[in-house]
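Asker: Generate a structure from the sequence data that follows.
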Amino acid sequence: MVCLHSLRSLVPAAVRGLIRQNRIHVRNTSGMSAGYNQANVVILHKSLADDFEKFCQANGGPLPLLYRSDPGESKCPTLSSNSDIRTDCLLYRRYEHGVYTESLTSLESYSEQLKDMVTFYLGCSFTFESAVQKLGVPVRNVEQELNVSMYKTAVPCHQVGAFSCNLVVTMRPIPQGKLEAAVVATHPMKKYHGAPVHIGSPDFLGINDLQKTDYGDAVQLHPGDVPVFWACGVTGIEAVVSCKSPLAFTHSPGCMFITDVKNEDTSDSCIKEKPIVVQISSDPLHYSLVSQWTAEKIRSLEEIIGIDPGNRGIKNLLVKDELLKCCLSLSHAKSVLITTGFPTHYRHIPPEETDGPPGALAIAAMLQALGKKVAIVTDEHAVDMNRKIVEDAVEQGVLKTGVPLLSYKGETPDCAVKFLCENGDPATPRFDHLVAIERAGRASDGNYYNARKINIKHLVDPIDDLFVAAQNIPGISTTGVGDGGNELGTGKVKESVKKYIRNGDTIACDVAADFTVIAGVSNWGGYAISCALYLLNACEIHERYLRKAIGFTELLEHETWTSSLPTIEKEEKLLAILVNHGIRSGVTGNLAMEVDGLPFYNAHSDMIKQLLEVTVR
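Answerer: Alright, predicted model coming up:
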C-alpha cells in the first residue's frame, strides 16, 4: 500500500501506474499528483455522444469538456501519455437504464462493449486545490483526509435531448478572510469549473443539511468558515441517470482520472477582469461576485448622486458602497416591492410631490427588463392616482408593461407578515426585496414629519411596518432611498441625521433598511439604482454567478436593458404626467425652471447625462 502523503508528490503517470496495479487503497484522488489536473469521466454509447456533448456545452460550469474520444478509444493523447481509461481511474460506477448497479476497479471485462462507446473527460475541481493553497487558502477536505462534499441542488441544468438533471455542487469551507483569494485563484480556471457559483447559506441552492452529502464526505467547517460552492462534474453522473442508457460508466465521485497537464497550463490568459466578493446578507448568509471594473463604475454612480444641491448636509449621511450592495441584492431578487409617496403638500390634494415616483418607475422599468416581478405599494388614498400614472407611463413608453398597485393599512399586529408572506408563513415570502424611495418615514415618536417639522401622520399609511417585519423574515432584504433623513429606511443613519440635518432631532426616520442610498434628490437615487442594475447584469462575472454557470449567457438581452435605462426624455414625460394629475414639485423647487411650460429641475438633466455616461460608456 502507498501512503497518501507520498502520492501527493508523485507524477501522474506513476500514480496511474499504481492505480492500474490496484496498489492504492485510499478512497479518493484529492491531493494526488499535486499541481496536475484531474478529470471526471463519463462513458456513453456513441448514439448518445452528440447530445451529451451539446449538454456539456450548454452547461459549461459543471461540465467543461476537456476531451471527447472516438468510439472505442481508450487513450486521451491531449491529456496524458501511456494511459488507459479502462484501468486508470481509482474506482468506476456502472449504470444500467439509469440505475447504479455496481462499483468496479477496472473496465477491462467490458472491452467489447466499449468499442461502441465514447469517453468524455470533464474538468474537475480537485485541479484547483493546489492553486488556492498557494494563496494561503486551506483545503479542509485535504486537511481532514476526506473526499470533498458533494450535493444535488434544486437548480435545473439546461436540458438537451434525454439529458435532464439538476446541478451538482462541491462545497469547500473557506475562512471569511480568504474568500476573495479563493475566488481570484479559481476564476481563470474555466476548464476546471472556474469561480464559485454560490457563497453562503446552502438554502439558496435547495440544500437542507451540509452534514447529509449526496456524494463524498461531510467536511467539517472551522469557526469563521463560510461554505463556498463550485459547480461539479458529478452533474455528468446525474445526466447519465436521467438518460437511462442501457449501459453507461462513470468514475466514482472523488475517484478521478489524473492527467499529465499542469495547473499552470489551465488558466485562461484572456481573462483580465478581477472578481471581488461582496457580502449582501448576514441572515441568511449570502455573498455575491462582481468584477472590480463594474464595482468601480457603480461607486462612481454613488459619488455622482451624492452631491448636495440644497446644502442640507446630506454628505454626512453617505455610507460607502450602499448602492453596490443594494443593487447586488436586487440583482439576486426574483420579486421586488417598491413604495414611494411623500405628502409634502399637506394642504393640497393630492399632497404628494414629484420627487419619488419617477425614481420608483425607473427602478421598476429596469427590474421588469431583467425579468423580475415588480409591484408598488402606496397609501390607500393614492392607489387610484398611481394606477393612472402607471397607465400613462405605459402609454408614453416610459414603462413597457404595467405594475400592480397595492395598499397596506395594517389594522392588526400580524398584518405585515400576512402581507409579505404566503399564508402568513415567514418561510415563504412573496417578495425578496423591499425598496422605499422618497417615502415618508416614521420618527421615534411614531409620527411622520416633513423637512419643516410638520406632522403629516394623518396622510401616511403604516407601510413602515412592512420594513420592520422584514427584519425578522429571512430572505427579505430592504433598501431605503432618501435625500433628507426623514425617509423610510434612513433609520440606518439616524444619528447622523440628528447631528447634521436641520430639525434632525425631530424628523429623523427611526426605521432602518439593510441598505440606505443617500442622494441629493431621491429621484437621482432611483436612476442610479437602475443604471447600477444594468451594469451588474452586463458584467460577465456577476451574470455567470447569477445563473450558477449553467445554461447560456443572458448578455444578449443587452439591448432590452439599454432601452429601459432612465433618460431625460423619459423624466420629462413622467413629470408631465405627474403635473397632469395635480402633483407639485417638492422642497427642492428652488431649483426649478420652465421646460415646455413644465416644472423641471435644471440640475436633473445634467445628472441623468452623467449617470448614463458612466453606465453606457
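Asker: can you map out the helices along the stretch 201-350 of the chain?
Answerer: Listed in chain order, the helices found in the stretch 201-350 of the chain under DSSP state H, counting those that start in this stretch are 235-243, 292-305, 322-332.
Asker: what sits up against the host helix or strand of Q113?
Answerer: With secondary structure defined by DSSP states H and E, Q113 is part of helix 111-114. Contacts made with helix 111-114 from outside it, assessed by C-beta atoms under 8 Å, 6 or more residues apart in numbering, are listed as 43, 72, 74, 86, 107, 247. Glycine gets a C-beta too; all of them are placed from N, C-alpha and C.
Asker: Give me the buried subset of those.
Answerer: Under a neighbour-count criterion of 16 or more other C-beta atoms under 10 Å, the subset of the contacts of helix 111-114 counted as buried comprises 43, 74, 86, 107, 247.
Asker: which of those lies closest to H381?
Answerer: I43 (68.4 Å; C-beta to C-beta).
Asker: Any chance of the backbone angles for the closest one?
Answerer: As for I43, its main-chain torsions (degrees, to the nearest 10) stand at phi -120, psi 120.
Asker: Nearest residue to it in space, please, no chain neighbours.
Answerer: Of all residues beyond its chain neighbours, the one nearest I43 is F249 (4.1 Å), with distances taken as C-beta to C-beta, 6 or more residues apart in numbering.
Asker: For the one you found, give me its contacts.
Answerer: With contact set as C-beta under 8 Å, 6+ apart, F249 has these partners: 41-43, 92-95, 104, 107, 110, 117.
Asker: Strands of the stretch 101-250 of the chain, start to end?
Answerer: 117-123, 149-156, 166-175, 198-200, 225-231, 248-251 (DSSP state E, counting those that start in this stretch).
Asker: out of the ones you listed, which comes closest to S444?
Answerer: Each of the strands of the stretch 101-250 of the chain has some distance to S444 by C-beta to C-beta; the shortest is strand 198-200, at 33.3 Å.
Asker: can you pull the buried residues of that closest one?
Answerer: Neighbour counts over strand 198-200 (16+ other C-beta under 10 Å) mark 198-200 as buried.
Asker: buried residues in the helix holding Q113?
Answerer: If you call a residue buried by 16+ other C-beta under 10 Å, then helix 111-114 has these buried ones: L114.
Asker: which stretches of the protein have low pLDDT?
Answerer: When residues are selected by pLDDT under 70, those of the chain lie in 1-5, 264-271, 556-557, 587-602.
Asker: Near N208, how many residues? Count them for me, please.
Answerer: N208 is flanked by 11 other residues according to other C-beta atoms under 10 Å.
Asker: by how many degrees do the strand or helix carrying A360 and helix 322-332 diverge?
Answerer: In this structure, A360 is located in helix 357-369 according to DSSP H and E. In this structure, helix 357-369 runs at an angle of 40 degrees to helix 322-332, with axes from the mean of the first three to the mean of the last three C-alpha atoms, to 10 degrees as the basis.
Asker: For helix 357-369, output the C-alpha coordinates as CSV.
Answerer: Taking Å, rounded to 0.1, in the frame of the first residue of the first chain, the C-alpha atoms of helix 357-369 are listed here in CSV:
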residue,chain,number,x,y,z
PRO,A,357,-42.5,58.4,-8.4
PRO,A,358,-40.1,59.0,-11.3
GLY,A,359,-37.3,57.2,-9.5
ALA,A,360,-39.6,54.4,-8.4
LEU,A,361,-40.7,53.8,-12.0
ALA,A,362,-37.1,53.9,-13.3
ILE,A,363,-36.3,51.1,-10.9
ALA,A,364,-39.4,49.2,-11.8
ALA,A,365,-38.6,49.5,-15.6
MET,A,366,-35.1,48.0,-15.2
LEU,A,367,-36.3,45.3,-12.9
GLN,A,368,-39.0,44.4,-15.4
ALA,A,369,-36.4,44.3,-18.2
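Asker: Name the surrounding residues that touch the helix or strand that it is followed by.
Answerer: Toward the C-terminus, helix 357-369 is succeeded by strand 373-378 as the next helix or strand (DSSP H and E). Residues lying outside strand 373-378 but in contact with it, judged by C-beta under 8 Å, 6+ apart, are 334-341, 360, 364, 367-368, 386, 390, 403-408, 431, 461, 463, 466.
Asker: next one: stretch 198-216
Answerer: Residues external to stretch 198-216 that are found in contact with it (C-beta under 8 Å, 6+ apart): 28, 141, 146-155, 167-171, 179, 183, 218, 221, 226-229, 234, 237, 253-254, 277, 281, 284-289, 545, 548.
Asker: Counting neighbours, which of these end up buried?
Answerer: The neighbour-count criterion (16+ other C-beta under 10 Å) marks 28, 141, 146-153, 155, 167-171, 179, 183, 218, 221, 226-229, 234, 237, 253-254, 277, 281, 285-289, 545, 548 among these as buried.
Asker: and the spatially closest residue to G306 that is not a sequence neighbour, how many neighbours?
Answerer: Spatial nearest neighbour of G306, chain neighbours left out: L318 (5.4 Å); criterion: C-beta to C-beta, 6+ apart. As a burial measure, L318 scores 19 neighbours (other C-beta under 10 Å).
Asker: contacting residues for the closest residue to L370 other than its chain neighbours?
Answerer: Nearest non-adjacent residue to L370, counting by C-beta to C-beta, 6+ apart: N537, 5.9 Å away. By C-beta under 8 Å, 6+ apart, the contact list for N537 reads 331, 370, 543, 546, 554, 557, 561.
Asker: Turn the buried ones among the residues you listed into a named PyMOL selection, would you?
Answerer: The following PyMOL command selects only the buried members of the contacts of N537, with burial defined by 16+ other C-beta under 10 Å:
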select buried, resi 331+370+543+546+554+561
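Asker: now the contacts of N537 as a markdown table including distance to V614 and secondary structure?
Answerer: Conversion of the contacts of N537 to a markdown table gives the following (distance: C-beta to C-beta, whole Å; DSSP: H, G, I helix; E, B strand; the rest coil):
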| residue | distance to V614 | secondary structure |
| --- | --- | --- |
| S331 | 18 | helix |
| L370 | 19 | coil |
| E543 | 19 | helix |
| L546 | 22 | helix |
| E554 | 22 | coil |
| E557 | 21 | helix |
| W561 | 15 | helix |
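Asker: can you pull the buried residues of stretch 509-521?
Answerer: Within stretch 509-521, the residues that qualify as buried are 509, 511-521, counting by 16+ other C-beta under 10 Å.
Asker: gap between the two ends of it?
Answerer: Using C-alpha to C-alpha, to the nearest Å, the gap from the first to the last residue of stretch 509-521 comes to 17 Å.
Asker: from the chain's centre, how far out does that stretch sit?
Answerer: Computed by C-alpha atoms, centre = their mean, to the nearest Å, the chain-centroid distance of stretch 509-521 equals 22 Å.
Asker: now stretch 412-419
Answerer: Mean-position distance between stretch 412-419 and its chain equals 29 Å (C-alpha atoms, centre = their mean).
Asker: ok, and for it, which residues are buried?
Answerer: 415-417, 419.
Asker: just curious, which of those residues is nearest to R442?
Answerer: Using C-beta to C-beta, the shortest approach to R442 within those belongs to A416, at 13.2 Å.
Asker: tell me which element that closest one falls in.
Answerer: helix 415-420.
Asker: cool, M607 as well?
Answerer: Short version, using DSSP H and E: M607 is in helix 602-616.
Asker: quick one on the thing from earlier: turn the strands of the stretch 101-250 of the chain into JSON lines, including distance to A13.
Answerer: Conversion of the strands of the stretch 101-250 of the chain to JSON lines gives the following (distance: least, C-beta to C-beta, whole Å):
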{"stretch": "strand 117-123", "distance to A13": "16"}
{"stretch": "strand 149-156", "distance to A13": "27"}
{"stretch": "strand 166-175", "distance to A13": "26"}
{"stretch": "strand 198-200", "distance to A13": "36"}
{"stretch": "strand 225-231", "distance to A13": "27"}
{"stretch": "strand 248-251", "distance to A13": "18"}
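Asker: closest one to H604 among those?
Answerer: For H604, the closest of the strands of the stretch 101-250 of the chain is strand 198-200, at 38.3 Å, according to C-beta to C-beta.
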